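got a structure for you, letters missing:
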């Protein structure tokens with residue numbers, strides 16, 4: 001069985017979040033992307049503490065696609081160091097996992 005992930009990515013705004021989400025789903029690197037907006041992020045960057053409103057993307061994807069997904073996010077993202085972190089999906093309903101699998105299967109993989 002293929003492993004699955006939830007990948008977290010923050011963006012500086014809605015338009016960027018929507019572009020990344022749409023691209024990843026269109027390219028079948030993600031089955032689903034949720035956008036939580038706004039979130040408030042506190043972080044240290046270049047020696048200063050920042051307090052910013054951002055969008056958070058929750059991306060459901062195959063573990064085997066993580067490198068390609070991360071590379072694609074980097075090409076679309078405006079941040080110098082975008083947050084791209086993943087946690088494994090350790091359990092899920094059979095129907096949802098089957099759907100996730102089918103939506104991230106590229107045409108060349110189909111039977």
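Nice, I can see it. This one's a predicted model, so the numbers in the text were calculated from it and none came from an experiment.

Please make it C-alpha for all contacts and neighbour counts, starting now.
Fine.

distance of residue 6 from residue 85?
8 Å (CA to CA, to the nearest Å).

Same drill for those two, tell me which one is more crowded.
Using other CA atoms under 10 Å as the criterion, residue 6 and residue 85 rank with residue 6 on top: 21 against 13.

Determine whether the claim that that one is in a strand is correct.
Yes. Assigned with DSSP: H, G, I helix; E, B strand; the rest coil, residue 6 falls within a strand.

Local confidence estimate at it?
The model reports residue 6 with a pLDDT of 98.

ok, now the one 4 residues further on?
The predicted local confidence for residue 10 comes out at a pLDDT of 98.

Spatially nearest residue to it (excluding sequence neighbours)?
Spatial nearest neighbour of residue 10, chain neighbours left out: residue 56 (4.5 Å); criterion: CA to CA, 6 or more residues apart in numbering.

The one you found and residue 6 touch, don't they?
No. In this structure, residue 56 is not within contact of residue 6 by CA atoms under 8 Å, at 12.0 Å.

so how far is residue 10 from the residue nearest to residue 7 when sequence neighbours are not counted?
Closest residue to residue 7 apart from its sequence neighbours, by CA to CA, 6+ apart: residue 86 at 4.2 Å. Distance of residue 86 to residue 10, computed by CA to CA: 12 Å.
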